[in-house]
Structures are given as C-alpha cells and as structure tokens.
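Novice: Turn this into a model:
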Amino acid sequence: MLGMAAAGCSLFLSGGSVLRGLMAQGAVSASDVELLRTTQAEPEGYFRLGRSGGRTWLVTPDGKLFFSVGFNHIDPAALRYPENIHIWRDKYDNSIHKWLSESVGPNLVKWGFNSVGNTVEMASNGPTNHRQSRRFTVDEYRSLGLPWFHQLDFADFHHWDAQHRLPDFYAPEFEDWCDHVAREYCATMADDPNLIGYFYMDCPGWVHTHPHSRWRGPMFDYRKLETETGRRELFDLATRYYRVCHDAIRRYDRHHLIFGDRYEGRGRMAKEVLMAAKPYVDVLSFQYFGTPENIRRDLTHWSEETGMPTLLADSGKHIRVADDQPGRTHDTEVHSRIMDVSMEMPHCVGFHLCGAYTRNRIRHTGLLGEDESPDEAVIQAISATNRRAKRWVDEANDRL
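Specialist: Residues are numbered from 1 along each chain as shown. Next up is the predicted model:
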C-alpha cells in the first residue's frame, strides 16, 4: 500500500472520524460541505453524500470530497488457464490475497483509480448460459487496499440472464433469501469504513429484455404502463422489491450507502421503478455504453425527474485490436470524454470503467493480457485522464 497517499487514495480506520458526532439526519454542515440526508441510520465515520460548490459529492469518512474513479471486473481465474497457471502458482503462491495486494491494488492506484466497483467478470456468454464470476469476500476487498463497492445478489432478473425464471417479490421465500444475502455479506462488512456502499442487480429487466432473456419476458409488461392502473401496479411491485432489499441491509448494516440496481441506460426505463426506489436507495446507478453526449442527456434527465444523484457505474467503449482477432481494448479518447461529462454533471458522484483487469477468453478485454503484459498505450492514456480527475477533486478540497 505504499504510495497510496501520493495517489490521493486513503484507507480509513474503524472507530474514528472528524465526522463523528454530526447529526445523522438532515443536512448538516461540515466546513463548507453540506451533508445530505440518506438512508444511513448511523453514517458517522463512513462514506456519505454531501454538496459543495454547486454539486453532489461522496464524502470520505475523514470529511474530504470524493469522486469515485472506479474500476470494474477483477477475476483471478483469468490467470488460471492451463497456459498461464504457472504465473498464478509461481508468482502469487496460489494466493488471491497476494495477487490482490501485490498486483491489482498497486496497479490500480498507479493508474489513477481510487475505488473498486463491481468486481465480477463475465464467465460465460451465450443464449442458454450467461454467468459471472463470484463476489469478493470482505478480506479480499481489504487486500486490495482501496475503497470499494459490493454487489448484493438479491434477485436474478438481469436483462442478460439466460437461465433464471422471474422472481416473486411477494413470496415469503424472497424475504428469506434477502435476509440470507444480507447476513452473508452486510453483517461482515458493516463496520468497514472503506466500503463505500452496496449495489443490487446488474441491468434489471423491469420493462425490457435482452436476446438471452426474451423467452421469459420482462419483469413487467411495459404495455400496461399506458394506463394509470398499470403504472400503479408497477410502482407497487418495485416498491415491494426495494423495501425488502433495503430492510434486509439495514437489519445488519446501519452505516453504508445504498446504490441500488445498476440500470441499463440504453434500455427502456420506467419512471415508476425509479420513483419506487427513491426512498430506499441513496444514488441511482447506471450502466451506459453510449456516446458521452447521450450519457449526459439521459442521466441528467433521470436525475431531474427524481431529484436523485447518479453514479455512472459501468461505462467505456471497447474496440477491436484487429478485425481478425477476438481481443478488444479501450477507446481512450471516448474514456476521456466520458470522464469530462461525468465531472460536468453536478449530480454525478463517479465514473467506473468497464475493465477488465486481466483479459479472459469470454470478454476479451483487459488492461493486462493473460501473460500479464500491460496494454501500455491504453494504460498511459487512461492514467492521464484519471490524474486529471484527481486534480479537479484536489482543487475542490483545497477550496474548503
């Protein structure tokens, strides 16, 4: 974890914070930061939301403004193919903690990232089976040495999900499952000040489908939204879902922010879903693979419709290395423009890059190859953009 202070990344220790003792409810002032009301019952000493300089920010446990420059998709299994497992065994002693602490964490800091977003990676991708790698444990996050987000798998109606039936949110077993997920993860993470907050699902199929999920349809027939009765039905259904998820978390964790589902920004969106989520989440999170201009237009629209801050939780533009090869890399010019748009939107609290860390044979995208060779030109360009974002945040903190 050497060099983290120079890179602008801090680790926060449990039990102490300049924010401790501030009011838990309402908007209270800490220096020139207006701390905002959230779903957190006991937010002191943990990441919060605040306003300063005409925009919404994350606020660190020690009271600094924070804009999440996150990195997604970190899977050690990409180093365990027969052709490269010798790296995993010889260099990292078959230890995920050694890999995270000696490779992933230091590299992400060196490249200018200040948080870890959704760590799971695509493990299969087809019309009958679309799966992701497992979630990290609290100890694995700690080995990274960075603030982090965690996804809670309360339901499986991702729009890309090829194998699950639609859940019944009114069934008692849904509540049982949510309580189990919260016990499994929130109970062990509740006191960690480096956890920024929780995500729920990736791309929920509320009123839209994907080619892989058309066999089951969306969670709700969007044609019903033509009537007031239908709109109310969807609002009530979504309210049930978000209330159960929220209550499960709060039984075991009263401290951390809730970022909810990561909505597919280019999919059909229902205002009723977002308004149902509003009392039970703190930020609206979006996956959005589109032009920076469209990202600005749509996230701003939904922030204005709901009055909620936003997080660009998964974005970027992947381009092929060569027409005759499966490998892909990042369009660094688009990455730079997305960062600019994210910083310009006063409601946006961060931008997380759709990685991955190590290129696997399903997504075919990564900043490191299977042999850990770095994509140097792309890394240099992304790092320069990230450093620009850091300077912007530093200047905002200097004005406090």
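Novice: ok, the nearest residue to residue 330 once chain neighbours are set aside - how many residues close by?
Specialist: Nearest non-adjacent residue to residue 330, counting by CB to CB, 6 or more residues apart in numbering: residue 378, 5.2 Å away. Bear in mind the C-beta positions are built from the backbone N, C-alpha and C, glycine included. Neighbour count of residue 378, defined by other CB atoms under 10 Å: 15.
Novice: and what of residue 231?
Specialist: 15.
Novice: residues in contact with it?
Specialist: 224-225, 272 (CB atoms under 8 Å, 6 or more residues apart in numbering).
Novice: In PyMOL, select just the buried ones from those.
Specialist: The PyMOL selection below is limited to those of those classed as buried (16 or more other CB atoms under 10 Å):
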select buried, resi 225+272
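Novice: isn't there a helix covering residue 313?
Specialist: No. Counting by DSSP: H, G, I helix; E, B strand; the rest coil, residue 313 is not found in a helix; it is strand.
Novice: residues near it, how many?
Specialist: By other CB under 10 Å, the residues close to residue 313 number 30.
Novice: show me what contacts it?
Specialist: 70, 117-118, 199, 259, 262, 285-287, 350, 352.
Novice: Tabulate those residues in JSON lines, adding columns for secondary structure, neighbour count and distance to residue 181.
Specialist: Formatted as JSON lines, those follow (DSSP: H, G, I helix; E, B strand; the rest coil; neighbours: other CB atoms under 10 Å; distance: CB to CB, whole Å):
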{"residue": "70", "secondary structure": "strand", "neighbour count": "26", "distance to residue 181": "22"}
{"residue": "117", "secondary structure": "coil", "neighbour count": "30", "distance to residue 181": "19"}
{"residue": "118", "secondary structure": "coil", "neighbour count": "26", "distance to residue 181": "16"}
{"residue": "199", "secondary structure": "strand", "neighbour count": "23", "distance to residue 181": "12"}
{"residue": "259", "secondary structure": "strand", "neighbour count": "27", "distance to residue 181": "15"}
{"residue": "262", "secondary structure": "strand", "neighbour count": "27", "distance to residue 181": "16"}
{"residue": "285", "secondary structure": "strand", "neighbour count": "29", "distance to residue 181": "18"}
{"residue": "286", "secondary structure": "strand", "neighbour count": "24", "distance to residue 181": "22"}
{"residue": "287", "secondary structure": "strand", "neighbour count": "21", "distance to residue 181": "21"}
{"residue": "350", "secondary structure": "strand", "neighbour count": "27", "distance to residue 181": "24"}
{"residue": "352", "secondary structure": "strand", "neighbour count": "27", "distance to residue 181": "22"}
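Novice: could the residues you listed go into CSV alongside pLDDT and distance to residue 84?
Specialist: Listed next are the contacts of residue 313 as CSV, based on pLDDT from 0 to 100; distance: CB to CB, whole Å:
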residue, pLDDT, distance to residue 84
70, 98, 26
117, 95, 25
118, 91, 24
199, 96, 30
259, 98, 34
262, 94, 30
285, 97, 33
286, 96, 34
287, 93, 29
350, 98, 32
352, 98, 26
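Novice: Around the residue lying closest to residue 190 once chain neighbours are set aside, how many other residues sit close by?
Specialist: Nearest in space to residue 190, with sequence neighbours left out and distances taken as CB to CB, 6+ apart, is residue 253 at 3.9 Å. Residue 253 is flanked by 25 other residues according to other CB under 10 Å.
Novice: Would you map the helices across the stretch 151-300 of the chain?
Specialist: 172-181, 187-189, 228-252, 271-277, 292-306 (DSSP state H, counting those that start in this stretch).
Novice: so which of the ones you listed comes closest to residue 150?
Specialist: Minimum separation from residue 150 across those (CB to CB) falls at helix 187-189, 6.4 Å.
Novice: who are the neighbours in contact with the residue nearest to residue 190?
Specialist: 182, 186-187, 189-190.
Novice: thinking again about what came up before, quick one: which of the contacts of residue 313 is nearest residue 219?
Specialist: Nearest to residue 219 out of the contacts of residue 313 is residue 262 (CB to CB; 15.4 Å).
Novice: wait, the closest one sits on residue 117?
Specialist: No. Using CB atoms under 8 Å, residue 262 is not in contact with residue 117; the gap is 9.2 Å.
Novice: If residue 34 is in a bridge, with which residues?
Specialist: residue 29, residue 51 (DSSP bridges).
Novice: moving C-terminal of the host helix or strand of residue 89, what's the next helix or strand?
Specialist: Taking DSSP states H and E as the criterion, residue 89 maps to helix 85-92. As assigned by DSSP H and E, the chain's next helix or strand after helix 85-92 is helix 96-99.
Novice: what's downstream of that next one, the next helix or strand?
Specialist: Next element after helix 96-99 (DSSP H and E): helix 105-110.
Novice: where are the low-confidence patches of the stretch 251-400 of the chain?
Specialist: Within the stretch 251-400 of the chain, the ranges that satisfy pLDDT under 70 run 322-326.
Novice: Show me the strands in it, by range?
Specialist: 257-264, 284-288, 310-315, 318-320, 328-330, 348-354 (DSSP state E, counting those that start in this stretch).
Novice: and residue 107, which of the ones you listed is closest to it?
Specialist: Between residue 107 and those, the shortest gap by CB to CB is with strand 348-354, which sits at 13.3 Å.
Novice: thinking again about what came up before, nearest to residue 205 among the contacts of residue 253?
Specialist: For the contacts of residue 253, the nearest to residue 205 is residue 182 (23.0 Å; CB to CB).
Novice: Neighbours of that closest one, how many?
Specialist: Using other CB under 10 Å: residue 182 sits among 22 other residues.
Novice: And residue 188, by the same measure?
Specialist: By other CB under 10 Å, neighbour count at residue 188 equals 14.
Novice: where's the closest residue to residue 392 other than its chain neighbours relative to residue 37, distance?
Specialist: Using CB to CB, 6+ apart and skipping residues adjacent in sequence, the residue nearest residue 392 is residue 343, 5.9 Å away. Noted for residue 343: a distance of 24 Å to residue 37, by CB to CB, to the nearest Å.
Novice: likewise residue 380?
Specialist: Applying CB to CB to residue 380 and residue 37 gives a distance of 41 Å.
Novice: dump the residue contacts of the residue nearest to residue 55 when sequence neighbours are not counted.
Specialist: Nearest in space to residue 55, with sequence neighbours left out and distances taken as CB to CB, 6+ apart, is residue 346 at 3.8 Å. Neighbouring residues of residue 346 by CB under 8 Å, 6+ apart: 54-56.
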